[in-house]
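Participant: sequence unavailable; structure follows:
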């Protein structure tokens, strides 16, 4: 199996001095080293902090809450607004919560 070096990323987890470690290389080229990476919708940071993931979730939810506000101004019944909340907003907030 050959690695696609354009799609493969290297991330060093924890408080290790990253300047001393050599870069990973393959016959196809060098693998890019990153500090954050999105895997299955979860943003992982090399410092194992959740700040990037939480800020991205907040951006998504804020956009959806604004749309909910617009729907309320349009005069939708409460049952439709509740349906919108449970089907569009809540899954974004609850995705990967156990992690």
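Facilitator: Now that the structure is in, tell me what you want to look at. Only a predicted model underlies this, so the values are computations on that prediction, with no experimental measurement involved. Residues are numbered from 1 along each chain as shown.
Participant: show me the helices in the protein, by range?
Facilitator: Taking DSSP state H to define them, one finds helices in the chain at 51-73, 78-84, 90-94.
Participant: if I look at the nearest residue to residue 21 once chain neighbours are set aside, how far off is residue 92?
Facilitator: In space, and not counting its chain neighbours, residue 21 is closest to residue 12: 6.6 Å by Cβ to Cβ, 6 or more residues apart in numbering. Using the backbone N, CA and C atoms, a C-beta is placed for each residue, glycine as well. To residue 92, residue 12 is 29 Å away according to Cβ to Cβ, to the nearest Å.
Participant: for the residue nearest to residue 85 when sequence neighbours are not counted, what are its contacts?
Facilitator: Among residues not flanking residue 85 along the chain, residue 68 sits closest, at 6.7 Å (Cβ to Cβ, 6+ apart). Contacts for residue 68 (Cβ atoms under 8 Å, 6 or more residues apart in numbering) come out as 81, 84, 85, 89.
Participant: turn those into a markdown table, including distance to residue 21.
Facilitator: Shown next, in a markdown table, are the contacts of residue 68 (distance: Cβ to Cβ, whole Å):
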| residue | distance to residue 21 |
| --- | --- |
| 81 | 52 |
| 84 | 48 |
| 85 | 46 |
| 89 | 42 |
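Participant: residue ranges with poor pLDDT in the chain?
Facilitator: Within the chain, the stretches falling below the threshold (pLDDT under 70) are 18-19.
Participant: near residue 44, how many other residues are there?
Facilitator: Residue 44: 20 surrounding residues under other Cβ atoms under 10 Å.
Participant: next one: the nearest residue to it once chain neighbours are set aside relative to residue 72, how far apart?
Facilitator: Take residue 44 and drop its neighbours on the chain: the residue closest to it by Cβ to Cβ, 6+ apart is residue 37, 5.4 Å away. In this view, residue 37 and residue 72 are 37 Å apart by Cβ to Cβ.
Participant: quick one: end-to-end length of stretch 9-20, please.
Facilitator: The separation between the terminal residues of stretch 9-20, taken as Cα to Cα, to the nearest Å, is 18 Å.
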